[in-house]
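# I'd like to go over a predicted model; first the sequence, then the structure.
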Amino acid sequence: MSQQEDNGISRRDFVGISGRFGLTSTLLAASGLGATLGASSLARAAEKEEKRRRRTTPKHVLRFAASGCNERHQNIQNSSQLFFTRDLEARSNGAIRVDFVDSNEACNEHDGVSRIQQGSVDIFSGSTQNSAIGAPYYNVLDFAYMFPSRASMFHFFYDPRSEKLLREPLRRCHDIQFLFTHCDLRGLMLGLKWAGKPLVASLEDLSGTRNRVAGSQLGRITMRELNLNPVPVAWEKTLDGLRQGLFDGAEAWMAAVAHAGMAPVVSQAVDLRFFAGTEHTAMSLPVFDTLGSDLQDQVMESAYTAQIFTHGMNEAAQTQVVGAFENPPSSTVFGKHNVRVAPLSDEIRRQAAQMCAPEFNPAPWEQWRERLNGWAGGIDVYQEIHGIAREIPADMAAVDVEPNRWWHS
C-alpha cells in the first residue's frame, strides 16, 4: 500500500493533483489536511495553496530535494521540511519561493549532498549519517555514545558553540549551510527472524549478528566494536533486506522505521541509543550567500522556528504515533504491527559504551578524530561536543531543553 493510500488517496490521484497544481503546493496542502485527506479536498486545498504562492513574483526560487517528503512522513517524524517551506515563503513575503524537485521515490537518502555539489538543488534534507558519504565532516556527530539522550542533542544544536564545532567546518569544507534537524538516537531494528525469539535483554543476545549500517563511517566503527558485523546497505533497500532475512537487523531510530513503512518487517526494536540519528535540512552555501543579509536573516529565523517545531512535534510523535516504548497500544504504528520494544537498562548501555565509545576504547577512533580535529582547526571536537552534551541533567526531558538562536553569541 502506498503512503498516500494510507491516508485515503490513491497514488494516481496524488500524482494527478500534483501535476495540476505542483508538487510543493500539493504537499503543503496535504500537510494541512491530516486525517481529512481525500482526493477532492486535497485538490481544493492544493489549488488554494498554488494561488497563494503565486500572488507575488519571487526574487529567488530555491529548489529543495527532500528525502521521503510526503504528508505521512511529516505526521510520523516531524523533521519540518514542509513547515520550513511554508514559514520561509510567508516570512519573506514571497521574495523566496521553495519548490520541491521530487518526492519520496525520486530523491533518496544519498542524493542530497551530491545534488548540492552539482548545483542541481539549493536545499536538501536527509540523515547526516548518509550525507557523510559525500560530506565526511558530518561524521563529527557519530561518535559512539557521545550523546546520552535526545535532550543532550537538542541542547547541542541550539548552543552557539555548535557553530565552531559543526556548522562552520561544514561551510568551509563542504559549502553547506546547516539549517535545522530532528534528533533521535539509533538502535537495532531486528527483522522477522527474531519474531519468535525472547526479547533482547543483553549485548550477548546481539553479538555476532549481521546488520545494516548507514553511510556513517563512524557508525561502522561502533558496530564493529560491538560485534554487530555492519553491512552497508542503502536505506531504500533495507526493507526488502529485512523481509528476505538477508541480515538480522538494521541500525536506525524507531520513528524512521515507522515513517518508512518498515514496521511490518521489524519484530524487535532494541533501544541501544549507540549513536546519533539526525534527519536534517541544509542549504548550498553559495546560494545562501547570494540572498543578501535581509533574506539570510529570514532563512535563519525560519530554520530556528522549524527547529522548535520539530523539537516539540517529534517528541510527541514518539509516544502518540510511533509507540517507541514497551507494550505500545494498537493505536500506534508499533502496536499495530506487533513490534516489541526492548528497552535495555542503563547498565547495559554503559557496558556497550565501555566496549565502543572513544572515552573507554580510543584506539579505533584515532584516525578519524585526528582528521575531524584538523578540519575543525585543531579543536578536539569529540571532547568538546561530549562535554556540551553533559551540561544538562541526564534525565532531562527533551521538551524541557530551552530553544536558543545558535548563530547569536
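In hand now; what should we look at?

# which residues of this structure fall in strands?
Using DSSP state E, the strands of the chain run over 60-66, 96-102, 123-127, 176-181, 184-185, 187-191, 211-213, 230-232, 249-252, 266-270, 276-277, 279-284, 340-342.

# Of those strands, give the one that comes closest to Asp297.
Among the strands of the chain, strand 96-102 comes nearest to Asp297, with 11.8 Å by CB to CB. The C-beta positions use only the backbone N, C-alpha and C, and glycine is treated the same way.

# Tell me which other helices or strands that closest one touches.
Strand 96-102 sits against helix 23-33, strand 60-66, helix 81-91, helix 293-317, with contacts defined as 3 or more CB pairs under 8 Å, 6 or more residues apart in numbering; DSSP states H and E.

# one more time with 6 Å
helix 23-33, strand 60-66 (3 or more CB pairs under 6 Å, 6 or more residues apart in numbering; DSSP states H and E).

# Quick check, pLDDT for the residue nearest the centre of the chain.
The chain has Glu279 as the residue nearest its centroid, 1.5 Å off, counting by CA atoms, centre = their mean. On the pLDDT scale, Glu279 is placed at 93.

# Would you mind measuring from the closest residue to it other than its chain neighbours to Phe180?
Of all residues not flanking Glu279 in the chain, Ser79 sits nearest, at 4.3 Å (CB to CB, 6 or more residues apart in numbering). Using CB to CB, to the nearest Å, we find Ser79 at a distance of 9 Å from Phe180.

# Please apply the same query to Ala306.
Note on Ala306: its distance to Phe180, by CB to CB, is 5 Å.

# before we move on, what about Ala317?
From Ala317 to Phe180 the distance is 16 Å (CB to CB).

# now do Glu315
Counting by CB to CB, the gap from Glu315 to Phe180 is 15 Å.

# and the two? which has more neighbours close in?
The residue with more neighbours, out of Glu315 and Phe180, is Phe180; 26 against 21, by other CB atoms under 10 Å.

# List the residues that contact that one.
Applying CB atoms under 6 Å, 6 or more residues apart in numbering, we find Phe180 in contact with 281, 303, 306-307.

# Could you tell me how many residues sit around the residue nearest to it when sequence neighbours are not counted?
Using CB to CB, 6+ apart and skipping the chain neighbours, the partner closest in space to Phe180 is Gln307 (4.0 Å). As a burial measure, Gln307 scores 25 neighbours (other CB under 10 Å).

# before we move on, back to that, just send the strands of the chain back as a markdown table, with distance to Gly112 too.
As requested, the strands of the chain are arranged in a markdown table below (distance: least, CB to CB, whole Å):
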| stretch | distance to Gly112 |
| --- | --- |
| strand 60-66 | 6 |
| strand 96-102 | 11 |
| strand 123-127 | 3 |
| strand 176-181 | 9 |
| strand 184-185 | 18 |
| strand 187-191 | 23 |
| strand 211-213 | 19 |
| strand 230-232 | 18 |
| strand 249-252 | 18 |
| strand 266-270 | 25 |
| strand 276-277 | 16 |
| strand 279-284 | 8 |
| strand 340-342 | 30 |
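
# Of those strands, which shows the lowest average pLDDT?
Among those, strand 96-102 carries the lowest mean pLDDT, at a mean of 86.

# In PDB, list the C-alpha atoms belonging to it.
Taking Å, rounded to 0.1, in the frame of the first residue of the first chain, the C-alpha atoms of strand 96-102 are listed here in PDB:
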ATOM      1  CA  ILE A  96      11.700  33.400  -1.600                       C
ATOM      2  CA  ARG A  97       9.700  30.600  -3.100                       C
ATOM      3  CA  VAL A  98      10.700  27.000  -2.300                       C
ATOM      4  CA  ASP A  99       9.900  24.300  -4.900                       C
ATOM      5  CA  PHE A 100      10.400  20.600  -4.200                       C
ATOM      6  CA  VAL A 101      12.100  19.000  -7.200                       C
ATOM      7  CA  ASP A 102      11.000  15.500  -6.400                       C
END
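
# That strand: partners in the sheet, and parallel or antiparallel?
Applying DSSP bridges, strand 96-102 is found paired with strand 60-66 (parallel).

# count of neighbours near Glu89?
Other residues close to Glu89 by other CB under 10 Å number 22.

# again with Asp248
Count around Asp248 with other CB under 10 Å applied: 21.

# what about the nearest residue to Ile392 once chain neighbours are set aside, distance to Asp400?
Excluding the flanking residues, the one nearest Ile392 by CB to CB, 6+ apart is His155, at 5.2 Å. According to CB to CB, His155 and Asp400 sit 10 Å apart.

# With neighbour numbers in mind, choose between these two.
Neighbours per residue, other CB under 10 Å: of His155 and Asp400, the larger number sits with His155, 23 against 10.

# separation between that one and Asn130?
Distance from His155 to Asn130, by CB to CB: 24 Å.

# same thing with Gly191?
In this view, Gly191 and Asn130 are 20 Å apart by CB to CB.

# Can you find the helix or strand of this structure with the lowest average pLDDT?
Lowest on mean pLDDT, DSSP states H and E among the helices and strands of the chain sits helix 71-76, with a mean of 52.

# and the residue nearest to Arg161 when sequence neighbours are not counted, how many neighbours?
Leaving aside its chain neighbours, Arg161 sits nearest to Ile388 (6.1 Å; criterion: CB to CB, 6+ apart). Neighbour count for Ile388, taken as other CB under 10 Å: 18.

# Same question for Gly112.
So Gly112, with other CB under 10 Å, has 28 neighbours.

# who touches it in this structure?
Gly112 neighbours (CB under 6 Å, 6+ apart): 65, 124, 126, 131.

# Try it again at 8 Å.
Taking CB atoms under 8 Å, 6 or more residues apart in numbering, we find Gly112 in contact with 65, 67, 121, 124-126, 131, 134, 282.

# for Ile392, same thing?
Contacts of Ile392 (CB under 8 Å, 6+ apart): 151-152, 155, 401.

# ok, of those, which one's closest to Ser216?
Among these, and counting by CB to CB, the member closest to Ser216 is Ser152, at 18.4 Å.

# residues near the closest residue to the closest one other than its chain neighbours, how many?
Once flanking residues are discounted, Ser152 sits nearest to Ala389: 3.9 Å by CB to CB, 6+ apart. Ala389 has 20 neighbours, counted by other CB under 10 Å.
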